[in-house]
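Novice: Here is a sequence with its predicted model. Questions after.
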Amino acid sequence: MSIRTIVLAGLASAALSAPALAETYTIQTSFNAGDFSTTYLTENWLPKIKEMTEGRVEINLTPSGSVVPSKETPQAVSMGVLDGDFTSVNYFSGQEPAFAILGDLISGYDTPAQMLGFCKDGSGEKVWQKALDEIADGQAHLIGCGPYSRESLPARVPIRTFEDLQGKKIRSPEGLASAVFAAAGASPVSIPFSEVYGALEKGIVDAADASAYVNNAATGLNDVAPYPLYPGIHSMPAMELTMNKDKWDGLEPQDQKALRDWFYMAMEDLTNVVHEQDEKLAQEDAKKEGIEVIDWSQDSRDKMRVVARKEWEKFAEKSPLAKEALEANLEYMKTIGLMN
């Protein structure tokens, strides 16, 4: 055997045994740098992507606004400015009303797991992709969707039942959330998030649509609003994970499956971890003098959902896709017993 033959055989063997070179994709999130969610996913879940794709795929998560504003990520993904996005889709509701329904069906689902099921096992991904195609010219592929946390409602006065909402001034962003609170008898007040603490402290509002229990506690809202409603009664913002369509089509089928599996596994784990933190903190607060952590009865939650549904239906008239998104949600909610 010639030296040339031996060398060529050795090179071929080395090529076969060498690990695959990873392709790194830049994904912008709507999480802020240093957020618990960003840190947890980066440390615990990003390494698993390389493992699940046998070294072929890596993801670089960048924080909110690092490349483009959050509301512009679908267009940035479609043009290849970003390889993908991991964004709360409430930012897109001004471009397509369906995203208000998909992104946060106010007072709809009781747990994040239920809405993750709508995406993963129901028709959520299908209608979500249609909405995404509408604003990204068909050039962004949806990998997965769903929430990881239900927000609590910090309140400076007791709101122990659905009926207690009557006349309460509640800070709420304009749109579907504001409409639902108003229909329930409350008086929505639109103020910037940065002013929530002062508004609660001074009694300008009685309660505020803010964030998850652990985040509200970290920013001091529970100190000035000692009657937090937990688990919350309203907001459960949903995220999407997308990739530029050409980049997605260039992946091996097994890597496409691995990325979808990764998203739902990561979101389910993040949901559990955030829930554990919320639970621990809520239990500790409940033991403190001067704080009452309020958990609504299922009866009150059901009453809120009945009122909310009428507002969902009004909002769904804003576009054909919004109507389709609502019908898809209602169909799934019936299968899991949330709707008759």
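Specialist: Looks like it came in fine. Numbers count the residues shown, from 1 in each chain.
Novice: just the strands in the stretch 151-300 of the chain please.
Specialist: 169-171, 187-189, 207-208, 238-244 (DSSP state E, counting those that start in this stretch).
Novice: Now do the closest residue to Ser190 other than its chain neighbours against Glu151, distance only.
Specialist: Residue nearest to Ser190 in three dimensions, not counting chain neighbours: Glu174, with 5.4 Å by CB to CB, 6 or more residues apart in numbering. Where C-beta positions appear, they are placed from N, C-alpha and C, glycine not excepted. Distance check for Glu174 against Glu151: by CB to CB, to the nearest Å, it reads 17 Å.
Novice: and Arg301, what does it touch?
Specialist: 107, 110, 162, 233 (CB atoms under 8 Å, 6 or more residues apart in numbering).
Novice: who has more neighbours, Glu174 and Glu151?
Specialist: Glu151 (24 against 9; other CB atoms under 10 Å).
Novice: shouldn't that one be in contact with Ile233?
Specialist: No. Look at Glu151 against Ile233 with CB atoms under 8 Å: they stay out of range, at 9.2 Å.
Novice: Out of the contacts of Arg301, which two sit at the greatest distance?
Specialist: Asp110 and Phe162 (14.5 Å; CB to CB).
Novice: picking that back up, how about the strands of the stretch 151-300 of the chain, which one is nearest Gly103?
Specialist: Per CB to CB, nearest to Gly103 of those: strand 238-244, 5.2 Å.
Novice: Run me through the strand neighbours of that closest one, direction for each.
Specialist: strand 84-88 (antiparallel), strand 140-147 (antiparallel) (DSSP bridges).
Novice: which one is the residue positioned nearest the centre of the chain nearest to, not counting chain neighbours?
Specialist: Residue closest to the mean C-alpha point of the chain, counted by CA atoms, centre = their mean, is Ala238 at 2.6 Å. Counting by CB to CB, 6+ apart, Ala238 lies nearest to Pro147, which is 4.6 Å off, once chain neighbours are set aside.
Novice: I'd like to know how far the one you found sits from Arg160.
Specialist: 25 Å.
Novice: out of these two, which sits in the busier spot?
Specialist: Pro147 (26 against 15).
Novice: Name the nearest residue to Pro226, sequence neighbours excluded.
Specialist: Nearest to Pro226 is Ile291, by CB to CB, 6+ apart, at 4.6 Å.
Novice: which residues touch that neighbour?
Specialist: 222, 226-228, 285.
Novice: now Ile135
Specialist: 74-75, 92, 95-96.
Novice: Filter those residues down to just the ones in helices.
Specialist: Judged by DSSP state H, helices contain the following of the contacts of Ile135: 74-75.
Novice: what's the farthest-apart pair in the contacts of Ile135?
Specialist: Maximum pairwise distance in those, criterion CB to CB, is 12.3 Å, between Gln75 and Glu96.
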